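using only what follows, build the 3D model:
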Amino acid sequence: MKLYLGIDGGATKTLAVIVNEKLDILGIGIAGPSNYHTVGLKKAIENIKSSIINASEMAKVKPIFDTACIALAAINSKLDYIRLFKKLAELNYYVKLKLVHDGEAALNSIVENKGIVVILGTGSLVAAYDNKWNYIRAGNWGHIIGDEGSAYRISVKTLNYVMKIYDGRLKYSPIIEEISKILKIEDLSEISSIIYTDLKNEDIARLAPLAIQFATKDNFLYKIIKEEAEEIAMAVKAVYLKTKYSNVYLTGGLTKSKRAKFYIDLIKEEIKKIIPNCKVKVVKVHPVLGSIVIALKENGIQITKTEKVKLAKELNLLLKSLKY
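Below is the predicted model:
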């Protein structure tokens with residue numbers, strides 16, 4: 001039996017999935033974040049390794065795969081690629097290894113027509129393949145100099161807003177009580193201590209749905225999320241001008257949150273302002289499906305649209321059962 005491994009790793013979690021040549025899902029492994037720009041190279045590799053071991057234990061197989069595709073955030077340059085590939089190759093879990101940017105996995109997970117994918121998670125990304133299959137992207141330059149429109153960016157701006165209220169620079173908003181409850185603090189002066197010492201990026205990003213929910217009744221918060229929606233639309237336009245694709249697919253953690261629906265609707269509106277003829281759709285499939293598809297392609301296996309839809313449904317059901 002041939003085994004194929006697909007991994008999708010980002011700023012919040014790492015997901016590994018094992019399938020065989022019949023496209024049966026044999027095992028799923030979940031581990032911590034593998035964006036090495038935020039957790040460091042050593043920790044990122046440890047979490048990737050853990051996801052592989054966990055998936056292999058579930059599948060009851062030895063972690064030796066004919067082909068593996070590992071899709072990761074933070075592959076922004078050749079330097080990133082070289083660093084990660086070298087360490088991943090040392091794991092010796094695969095005959096053939098394909099390392100790609102996480103946007104490529106998201107694109108290959110889409111079961112509809114070619115188009116532009118927008119990832120809205122802890123980080124953010126807009127990407128597409130052009131007609132010559134060149135990988136085109138905008139955004140996703142990390143939490144310090146990029147990731148506009150992401151949950152992390154919205155959360156940081158919201159925390160800045162809260163501290164301005166605390167200082168008296170801005171008027172009171174009830175969001176300060178909600179933030180205090182979530183962070184379990186009695187005095188807002190404690191926020192900086194917690195943010196800089198106790199919380200990881202993914203922890204901070206989890207505040208975004210709350211901020212979005214309050215934006216419907218708080219003008220300052222509304223301005224924040226509208227600006228972020230505009231940033232996403234600008235990134236979509238940049239990719240659109242290079243591809244001319246009118247189909248835009250939204251995916252990522254924020255698209256799954258009911259409290260973030262207002263923001264998703266704003267993004268749709270902003271994109272259509274810039275590209276009136278485009279169609280914007282939320283896709284309910286995990287990008288790890290794309291990693292599996294790429295792994296199979298690397299071994300000469302092209303799956304049909306029907307097979308991809310079936311695999312996507314099975315994967316979603318399994319992830320739901322694991323409360324992923």
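
CA only for contacts and neighbour counts going forward, please
OK.

and the helix-or-strand element of the chain with minimal mean pLDDT, how far out from the chain middle?
Using mean pLDDT, DSSP states H and E, helix 142-145 stands out as the lowest-scoring helix or strand of the chain, at a mean of 82. From the chain centre to the centre of helix 142-145 is a distance of 15 Å (C-alpha atoms, centre = their mean, to the nearest Å).

same question for stretch 280-287.
For stretch 280-287, the distance to the chain centre is 11 Å (C-alpha atoms, centre = their mean).

same question for stretch 4-12.
On C-alpha atoms, centre = their mean, the centre of stretch 4-12 falls 10 Å from the chain's centre.

who touches the next helix-or-strand element following the least confident helix or strand of the chain?
With elements assigned by DSSP states H and E, the helix or strand that comes after helix 142-145 is helix 151-167. With contacts defined as C-alpha atoms under 8 Å, 6 or more residues apart in numbering, helix 151-167 is touched by 120-123, 143, 147, 170-173, 175-176, 188, 201-202, 204-209, 211, 221, 224-225, 228, 254.

try stretch 216-227
So stretch 216-227 is contacted by 149, 154, 157-158, 173, 211-212, 214-215, 262-263, 266 (C-alpha under 8 Å, 6+ apart).

need those in CSV (columns: distance to Leu72 and neighbour count).
Shown next, in CSV, are the contacts of stretch 216-227 (distance: C-alpha to C-alpha, whole Å; neighbours: other C-alpha atoms under 10 Å):
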residue, distance to Leu72, neighbour count
Gly149, 19, 30
Ile154, 22, 27
Lys157, 26, 15
Thr158, 27, 24
Ser173, 38, 18
Ala211, 27, 27
Ile212, 27, 26
Phe214, 32, 19
Ala215, 32, 20
Phe262, 28, 15
Tyr263, 25, 25
Leu266, 28, 18
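
just how off-centre is the helix or strand containing Ile182 within its chain?
When elements are assigned from DSSP H and E, Ile182 belongs to helix 175-183. Centroid separation for helix 175-183 versus its chain: 26 Å, with C-alpha atoms, centre = their mean.

buried residues, the helix or strand immediately after it in the chain. List them.
Under the assignment DSSP H and E, the closest C-terminal helix or strand after helix 175-183 is helix 191-197. Judged by neighbour count (16 or more other C-alpha atoms under 10 Å), helix 191-197 contains these buried residues: 191, 195.

domain parsing for this protein?
Using automatic domain parsing, the domain parsing of the chain gives 3-102+286-321, 112-284.

distance from the chain centre to the shortest one, please.
Relative to the centre of its chain, domain 3-102+286-321 is centred 14 Å away, using C-alpha atoms, centre = their mean.

which residues in this structure form strands?
Using DSSP state E, the strands of the chain run over residues 3-9, 14-20, 25-31, 65-72, 94-101, 116-120, 124-129, 135-138, 247-251, 279-282.

for the last one, which positions count as buried?
Residues 280, 282 are the ones in strand 279-282 that count as buried (16+ other C-alpha under 10 Å).

quick one: which of the strands of the chain is nearest Val236?
strand 124-129 (6.1 Å; C-alpha to C-alpha).

adjacent strands (with direction) for that closest one?
strand 116-120 (antiparallel), strand 135-138 (antiparallel) (DSSP bridges).

now it: average pLDDT?
In this model, strand 124-129 has an average pLDDT of 93.

residue contacts, Gly123?
11, 140, 142-143, 147-148, 150-153 are the contacts of Gly123 under C-alpha under 8 Å, 6+ apart.

one more time with 10 Å, if that's ok
Gly123 sits next to 10-12, 73-74, 139-143, 146-153, 201-202, 205, 252-253 when contact means C-alpha atoms under 10 Å, 6 or more residues apart in numbering.

and the pLDDT at Gly10?
As predicted, Gly10 sits at a pLDDT of 87.

from what I see, it and Ala16 are in contact.
No. Using C-alpha atoms under 10 Å, Gly10 is not in contact with Ala16, being 11.8 Å away.

which one's more surrounded, these two?
Set Gly10 next to Ala16 and count neighbours by other C-alpha atoms under 10 Å: Ala16 wins out with 28 against 24.

tell me what that one is bridged to.
Under the criterion used here (DSSP bridges), Ala16 is bridged to Ile7, Gly29.

so what's it up against?
By C-alpha under 10 Å, 6+ apart, the contact list for Ala16 reads 5-9, 27-31, 48-56, 69-70, 288, 291-292.

who's the closest residue to Lys281 other than its chain neighbours bridged to?
Of all residues not flanking Lys281 in the chain, Tyr249 sits nearest, at 5.0 Å (C-alpha to C-alpha, 6 or more residues apart in numbering). Listed beta-bridge partners, Tyr249: Val117, Lys281 (assigned using DSSP bridges).

follow-up on the earlier one: are any of the contacts of helix 151-167 buried, and which?
Buried among these by 16+ other C-alpha under 10 Å: 120-123, 143, 147, 173, 175-176, 188, 201-202, 204-209, 211, 221, 224-225, 228, 254.

where does pLDDT dip in the stretch 101-250 of the chain?
111-113 (pLDDT under 70).
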